[in-house]
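>>> Predicted model, plus sequence, below.
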Amino acid sequence: MENRTSIAAVLIAFSLVAVIVGDVEADTKQAVSPPILSKLDEAMVMALLPDERLIAVFGGSGPNGQEAIARYSSDGGHTWSGPETLFTLPQDMGVWGLHYVLTDHNGELHLFYTTDAKTAGKGLYEMRFDIYHVGSANGRTSWKPPVFVRKGYHGSMLSAIELKNGRLVLPICYLTPRVWSKRGTGFDAFTDMGRFSSGVVYSDNGGASWHESSVELKVPSPYIGADGIIEPIALELKDGRAWLLLRTQLGRFFESLSQDGATWTKPTPTSILSSDSPPSVTRLKDGRIVMLWNNCLRFSYAQGGRHVLHAAISEDEGQTWRGYREVAQNPFVDEPPPPNGDHGVSYTLPVRTRDGEIITPISVGGTGGMWLMRFNPEWLYETSRKMDFSLTTKAWNDFGTKGVNVVAHPDKPGTLVLQMLKPEADWPSAAVWNFPNGRNGHLKIRLKLIPGFAGVRVGLTDHFSVPFDPEDQHHNLFNLSIQPDGKFGQSAMTLAQWHTLELEWNCAKQECRVSVDGRPVEALPMQRQTAGVNYIRFRSIADATDAAGMLIESVDASVAE
């Protein structure tokens with residue numbers, strides 16, 4: 001199997017090894033470089049300071065207990081200063097965990113911690129992760145003692161904002177006593193709201209004291225024992241409202257809005273598809289918003305998996321998005337998932353740099369540790385992507401399948417093609433590829449069906465699901481099935497010959513027009529509403545095996561702006 005990524009050795013602070021995400025395309029003259037990932041030695045959170053330096057804060061141990069340690073970067077995170085101890089945390093309150101750091105309008109820092117209150121090792125409902133706030137003063141030259149915020153078992157805090165009026169807003173999620181046998185009264189008795197609820201705490205005096213919003217954010221869960229609505233992310237909109245995006249197990253994010261950061265609307269579903277994983281949203285200097293999330297569905301872990309991480313950009317306050325590009329992939333994607341613990345790529349904590357890039361740590365579950373990703377948001381405006389397999393780079397996801405390989409081109413010595421066989425009846429054969437999202441777009445595929453070919457389904461869709469997804473045809477936007485004799489619809493491809501298959505979709509018209517070698521042959525109906533198309537899927541439809549298969553010489557995608 002060929003390498004999935006091209007690798008460049010780069011050494012920067014924290015002993016990082018850089019990995020370029022995505023394929024190296026036939027045309028390497030790209031206007032904007034694709035995302036780059038770098039291995040981190042330790043977990044950290046970052047913030048942009050008023051002078052546009054970056055501060056990275058992480059935990060450490062000193063002679064007097066746990067410490068908050070900082071490094072600084074003046075070049076957008078390419079190089080970093082040596083470690084500097086900011087303050088020491090009280091030793092008698094258990095183990096401290098740093099979740100988030102915020103720079104306020106005055107340039108002071110606000111760090112949000114949990115402490116286990118010495119309850120580690122106890123049962124779920126006896127454990128505590130109490131929330132504390134630690135703030136700086138005098139231009140970050142001194143630090144206030146930790147301030148208690150809320151008692152209980154709290155999940156990850158991945159966001160905090162300061163509103164224009166100075167109010168600090170911290171979204172939280174917390175364990176409740178709900179179980180199926182005691183799920184509540186009223187409407188709650190008719191469903192299961194999950195084990196957790198979400199809420200908001202806020203401060204009007206710089207973190208010296210905190211108040212809790214009266215709202216309990218919860219939604220019905222799809223199965224008994226689900227977590228519920230958790231890990232909310234906050235952003236202040238241009239009109240002054242505060243916006244929460246909330247993680248659910250329902251295949252999409254929910255949202256809640258507030259005029260003041262204290263009173264919030266009931267959660268309602270958004271159109272943003274997602275696995276059971278948290279998003280992040282970052283406001284760029286010019287007002288645009290960048291979202292990072294797992295646009296993944298239908299997998300047994302995290303309600304859709306975290307095999308790939310996606311990015312999109314919005315110019316209208318999150319109403320519409322562009323991009324939907326894969327920016328990171330689980331480096332262990334070709335291995336079966338571990339027997340326990342997290343796996344995949346998720347939990348981003350991004351900041352923008354002084355030169356407009358996005359930089360974020362990423363959690364790679366299992367033994368993957370922490371990674372640092374950087375990319376230029378302008379990359380999300382690309383409207384085309386081409387793969388011709390001329391290099392030994394493989395950008396297609398085919399994990400959990402057999403028979404997908406990059407091999408020598410039979411007709412063009414020195415070049416490569418993608419081969420799809422189905423060598424074993426018990427293993428699926430499939431491959432998935434991401435390209436820029438578009439409601440209107442065009443795909444050109446150069447392929448050859450080998451005599452003995454047993455059939456393939458070509459699908460276009462708007463989200464990632466594992467290559468072996470058994471339900472993909474029901475969730476694809478468009479499906480084209482090519483039968484063993486090369487027939488589809490009222491047309492056919494001749495076996496043993498190269499053909500150019502073209503798919504041109506128009507989501508407003510809810511159709512995808514198909515042509516072969518420039519000859520229109522049929523129009524495929526769109527199966528559901530969507531924000532656009534950004535994935536192509538190939539899957540063998542052989543009943544048993546397919547020893548002949550097909551060859552793909554190139555795939556060229558372009559979308560309307």
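Now that the structure is in, tell me what you want to look at.
>>> all helices of the stretch 451-561 of the chain, in order?
472-475 (DSSP state H, counting those that start in this stretch).
>>> Which residue ranges of the stretch 101-250 of the chain form strands?
Per DSSP state E, counting those that start in this stretch, the stretch 101-250 of the chain carries strands over the ranges 109-115, 130-137, 142-143, 147-150, 161-162, 168-175, 196-203, 211-212, 230-236, 242-247.
>>> what's the first one packed up against?
The elements that strand 109-115 packs onto, with contact taken as 3 or more Cβ pairs under 8 Å, 6 or more residues apart in numbering; DSSP states H and E, are strand 96-103, strand 130-137. (C-beta placed from N, C-alpha, C; glycine too.)
>>> Going by neighbour count, list what's buried in that strand.
Going by neighbour count (16 or more other Cβ atoms under 10 Å), the buried part of strand 109-115 is 109-115.
>>> Dump those residues to TSV, plus distance to Pro145 and pLDDT.
Rendered in TSV, the data for those read as follows (distance: Cβ to Cβ, whole Å; pLDDT from 0 to 100):
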residue	distance to Pro145	pLDDT
Leu109	15	98
His110	14	98
Leu111	12	98
Phe112	15	98
Tyr113	12	98
Thr114	16	98
Thr115	13	97
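>>> Relative to Leu235, which of the helices and strands packed on strand 109-115 is closest?
strand 96-103 (12.6 Å; Cβ to Cβ).
>>> could you give the mean pLDDT of stretch 48-62?
Averaging the model's pLDDT scores along stretch 48-62 yields 96.
>>> now swap in stretch 156-171 and tell me
Stretch 156-171 comes out at a mean pLDDT of 98.
>>> related to what we said a few turns ago, may I see the buried residues of strand 109-115 organised as a markdown table, with distance to Arg252 added?
Formatted as a markdown table, the buried residues of strand 109-115 follow (distance: Cβ to Cβ, whole Å):
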| residue | distance to Arg252 |
| --- | --- |
| Leu109 | 34 |
| His110 | 30 |
| Leu111 | 32 |
| Phe112 | 27 |
| Tyr113 | 31 |
| Thr114 | 28 |
| Thr115 | 33 |
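>>> if we take those, which one ends up nearest to Ile536?
Nearest to Ile536 out of those is Phe112 (Cβ to Cβ; 41.6 Å).
>>> Confirm for me that that closest one is in contact with Ser159.
No - counting by Cβ atoms under 8 Å, Phe112 does not reach Ser159; the two are 9.6 Å apart.
>>> Need the overlap of contacts for those two.
Shared contacts of Phe112 and Ser159, defined by Cβ atoms under 8 Å, 6 or more residues apart in numbering, are found at Tyr100.
>>> Would you pull up how far stretch 379-392 lies from the middle of the chain?
Taking the mean of its C-alpha atoms, stretch 379-392 sits 20 Å from the chain's own mean (Cα atoms, centre = their mean, to the nearest Å).
>>> Buried residues, that stretch. List them.
When burial is assessed from 16+ other Cβ under 10 Å, stretch 379-392 yields the following buried residues: 379-380, 382, 385, 387-391.
>>> related to what we said a few turns ago, how about the helices and strands packed on strand 109-115 in a markdown table, adding distance to Arg283?
Below are those laid out as a markdown table (distance: least, Cβ to Cβ, whole Å):
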| stretch | distance to Arg283 |
| --- | --- |
| strand 96-103 | 13 |
| strand 130-137 | 22 |
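>>> now those as CSV including mean neighbour count, mean pLDDT and distance to Ser429?
Below are the helices and strands packed on strand 109-115 laid out as CSV (neighbours: other Cβ atoms under 10 Å; pLDDT from 0 to 100; distance: least, Cβ to Cβ, whole Å):
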stretch, mean neighbour count, mean pLDDT, distance to Ser429
strand 96-103, 20, 97, 43
strand 130-137, 21, 98, 49
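>>> returning to that earlier point: distance to Phe464 added to the strands of the stretch 101-250 of the chain, as a markdown table?
Shown next, in a markdown table, are the strands of the stretch 101-250 of the chain (distance: least, Cβ to Cβ, whole Å):
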| stretch | distance to Phe464 |
| --- | --- |
| strand 109-115 | 31 |
| strand 130-137 | 33 |
| strand 142-143 | 43 |
| strand 147-150 | 35 |
| strand 161-162 | 29 |
| strand 168-175 | 25 |
| strand 196-203 | 25 |
| strand 211-212 | 37 |
| strand 230-236 | 20 |
| strand 242-247 | 17 |
